[in-house]
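Visitor: Following is a predicted model, sequence given first.
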Amino acid sequence: MIENNFKELVDIVRRLRVECPWDREQTNDSIKSATIEEAYEVVESIDNKDYDELKKELGDLLLHVVFHSIIAEGENKFKLEEVIDSIKAKLIRRHPHVFGNVEVNNADEVKKNWEAIKLSEGRESVLDGVPENLPALQRAYRLQEKASKVGFDWSSKADVWEKVNEEIEEMHKSEKEESHQDLENEVGDVFFALVNYSRFLEINPEYALRNSIKKFIKRFNYIEDKINKSGRKIHESNLEEMDKYWNESKRF
């Protein structure tokens, strides 16, 4: 059943690629931003626990996998079958504790083996494979996580917090200097240290910040709603009034 459904999807995309003027014009470059957008929509539906929406968004993302592959196939780069063969081989190769005779005791050992296998496949650095286009917080988290798998890590959470405070002090010192670039670097170091501390708390900083952004939007919208109901616009209010409504919004 799954095989038939997948084949029908592939056949539909192949036909669109031939018969639809818009689909015919697309390239891997032209749809790459839409692919990123679809991935974020998948994540958003997961965050919202909206499984009907997740089902649809996963379908959209699957479409992009198929579409990218068929575009590449038409340019004699690779075929969809090769995409599938590649991921099948990778899953088997990187799970020797399932498909081989390697023994592991926990998930951490699986991750360590995973990184070691990647290096044996020809990667030059443990840090390879973290996309530059990832959001900066998520990329910092993944890079730190990868380095930690080979033992390059802080020994305790207290040491990491000390580093956070050290970076904050250096940032404040840079505020008194002339170089904006130095200050920007120090601000970046503060964020990087906080990401490290988040990792020790077993909290993904990207998700944590997204939740805070959601909370901010909800509370600020409450302020706007209260002021609009008074017959005024937000710019006709003042900080004291807005702060009052902000504190009210925390109760909801």
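Guide: Received the coordinates, thanks. The structure displayed is predicted, hence computed values, not measured ones.
Visitor: what about residue 115, neighbour count?
Guide: Number of residues near residue 115 (other C-beta atoms under 10 Å) recorded here: 20. Where C-beta positions appear, they are placed from N, C-alpha and C, glycine not excepted.
Visitor: for the one 5 residues further on, same thing?
Guide: When counting by other C-beta under 10 Å, one arrives at 9 neighbours for residue 120.
Visitor: got it, and residue 171?
Guide: Around residue 171 there are 19 residues (other C-beta under 10 Å).
Visitor: Just the element for residue 65, please.
Guide: helix 51-74 (DSSP states H and E).
Visitor: helix or strand right after that helix?
Guide: Per DSSP H and E, helix 51-74 leads on to helix 80-93 as the next helix or strand towards the C-terminus.
Visitor: which residues are in contact with that next one?
Guide: Helix 80-93 is contacted from outside by 10, 65-66, 69-70, 73, 99, 117, 121, using C-beta atoms under 8 Å, 6 or more residues apart in numbering.
Visitor: For that helix, buried residues please.
Guide: 80, 83 (16 or more other C-beta atoms under 10 Å).
Visitor: And the strand or helix carrying residue 196, what does it pack against?
Guide: Using DSSP H and E, residue 196 maps to helix 180-200. Here helix 180-200 touches helix 136-148, helix 157-175, helix 205-229, going by 3 or more C-beta pairs under 8 Å, 6 or more residues apart in numbering; DSSP states H and E.
Visitor: hey, which of those is tucked in deepest?
Guide: helix 136-148 (a mean of 18; mean count of other C-beta atoms under 10 Å).
Visitor: If anything else comes up later, I'll come back, but that's it for now.
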